[in-house]
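>>> got a predicted model here, sequence first, then my questions.
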Amino acid sequence: MSKIIAITSGKGGTGKSTVCAGLGYTLAKQGHRTLIIELDFGLRCLDIIFGVEDNIKYDLGDVLSGKKTALEAVAQIPMASNLNILCAPKTLTAVDADQIVEICRSVKKYFEYIIIDTGAGINSHVFDIVEQANLILVISTPDPVCIRDASLMSDEFYNRGNKSQRLIINKISKKIIGSELITNLDEIIDKVGVQLIGVIPDDFKMTVATGKGTPIPTDSEALRAFDAISKRLGGEFVPLTVKTV
């Protein structure tokens with residue numbers, strides 16, 4: 001059976017979509033049939049990240065309107081043969097959780113992992129969709145506002161009974177750790193209140209690759225971190241590539 005993973009954050013700017021792309025890419029490279037469903041209506045970016053902007057014929061809007069089935073609207077990513085995406089529409093489109101659940105149900109036999117790239121923010125739309133996931137990955141950066149918002153969002157998930165949560169700390173640099181902003185990463189873990197599954201370094205090579213729509217270089221530190229997190233999702237014990245102290 002496929003595993004549905006919802007990736008979410010309390011506010012924009014945490015790199016949520018990049019995390020979705022990195023995990024989807026590494027899961028696919030590890031041989032897992034993977035689908036990313038993008039829910040940032042009007043703000044889609046996965047087509048650019050994966051270099052297929054000119055090749056997207058259909059998107060989630062076509063599925064919601066009934067013009068295409070979910071499987072017909074899925075686009076295969078050339079840089080990772082096991083990776084597929086269902087892009088968000090370029091315009092704002094009404095959607096409810098039941099529709100996303102039905103889309104996942106209709107395609108889950110074809111994929112081992114379905115990653116849901118939720119819209120950022122604390123609202124009922126996100127909560128209703130995320131409740132359907134087997135695992136919630138909460139994304140935060142060292143920014144105090146992001147940390148607080150991630151904590152508030154996680155608390156609401158717990159209040160709704162969603163206990164399968166893990167934390168990913170994104171955009172970490174050596175300058176940040178031990179600075180006036182953050183003494184160590186354990187501070188973030190304690191404040192958010194969610195068990196850590198991975199730490200992603202701020203990596204310019206990753207930024208260039210996702211901006212140009214090219215494969216992530218094999219010597220990218222961020223790629224190593226995504227690869228480790230992907231293996232942990234499958235139950236492997238893999239040490240952190242970035243230390244928490």
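Now that the structure is in, tell me what you want to look at.
>>> need the helix or strand of this structure with the lowest average pLDDT.
Least confident helix or strand of the chain, by mean pLDDT, DSSP states H and E, is helix 124-130 with a mean of 70.
>>> avg pLDDT for the helix or strand following that helix?
Remark: after helix 124-130, the chain's next helix or strand is strand 135-140, criterion DSSP states H and E. The average pLDDT within strand 135-140 is 94.
>>> so which residues make contact with strand 135-140?
Contact with strand 135-140 is made by 3-10, 14-16, 19, 23, 130, 146-147, 149-150, 153-154, 157, 162, 164-170, 188, 192, 194, 197, 233, as judged by Cβ atoms under 8 Å, 6 or more residues apart in numbering. All C-beta spots, glycine's among them, are computed from the backbone N, C-alpha and C.
>>> go on, stretch 156-163?
Residues outside stretch 156-163 that contact it (Cβ under 8 Å, 6+ apart): 122, 127, 130, 131, 133, 136, 138, 165.
>>> got any ranges where the protein has weak pLDDT?
1, 42, 92, 120-126, 178-181, 242-245 (pLDDT under 70).
>>> quick one: the helices in it?
Assigned by DSSP state H, the helices in the chain fall at 16-29, 46-49, 60-64, 70-73, 97-107, 124-130, 144-159, 185-192, 204-212, 221-233.
>>> so which of these gets nearest residue 174?
Across the helices of the chain, residue 174 has its closest neighbour in helix 221-233 (11.0 Å, Cβ to Cβ).
>>> picking that back up, any idea which of the helices of the chain is most buried?
Compared across the helices of the chain, helix 16-29 shows the largest average neighbour count, a mean of 26 (mean count of other Cβ atoms under 10 Å).
>>> list phi and psi for the nearest residue to residue 155 once chain neighbours are set aside.
Nearest residue to residue 155, sequence neighbours excluded (Cβ to Cβ, 6 or more residues apart in numbering): residue 193, at 7.3 Å. Here is the backbone geometry of residue 193 (degrees, to the nearest 10): phi 80, psi 30.
>>> next up, the contacts around residue 193.
151, 154, 155 are the contacts of residue 193 under Cβ under 8 Å, 6+ apart.
>>> next, format those residues as JSON lines and append distance to residue 39.
Below are the contacts of residue 193 laid out as JSON lines (distance: Cβ to Cβ, whole Å):
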{"residue": "151", "distance to residue 39": "22"}
{"residue": "154", "distance to residue 39": "19"}
{"residue": "155", "distance to residue 39": "22"}
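>>> between those, which sits nearest residue 57?
residue 154 (37.4 Å).
>>> pretty sure the closest one contacts residue 148?
No: assessed by Cβ atoms under 8 Å, residue 154 is found out of contact with residue 148, at 10.8 Å.
>>> circling back to that earlier point, ranking the contacts of stretch 156-163 by neighbours, who comes first?
Most neighbours among the contacts of stretch 156-163, by other Cβ atoms under 10 Å: residue 138, with 27 neighbours.
>>> show me the beta-bridge partners of that residue.
residue 8, residue 167 (DSSP bridges).
>>> measure it to residue 130 for me?
Noted for residue 138: a distance of 10 Å to residue 130, by Cβ to Cβ, to the nearest Å.
>>> give me the common contacts of these two.
In terms of Cβ under 8 Å, 6+ apart, residue 138 and residue 130 are both contacted by the residues 8, 157.
>>> what's the most distant pair in the contacts of stretch 156-163?
122 and 133 (16.5 Å).
>>> now do the contacts for residue 16.
For residue 16, the contacting residues are 7, 8, 9, 117, 118, 120, 139, by Cβ under 8 Å, 6+ apart.
>>> got phi/psi on the closest residue to residue 6 other than its chain neighbours?
Of all residues not flanking residue 6 in the chain, residue 133 sits nearest, at 3.7 Å (Cβ to Cβ, 6+ apart). Main-chain torsions, residue 133, degrees, to the nearest 10: phi -80, psi 150.
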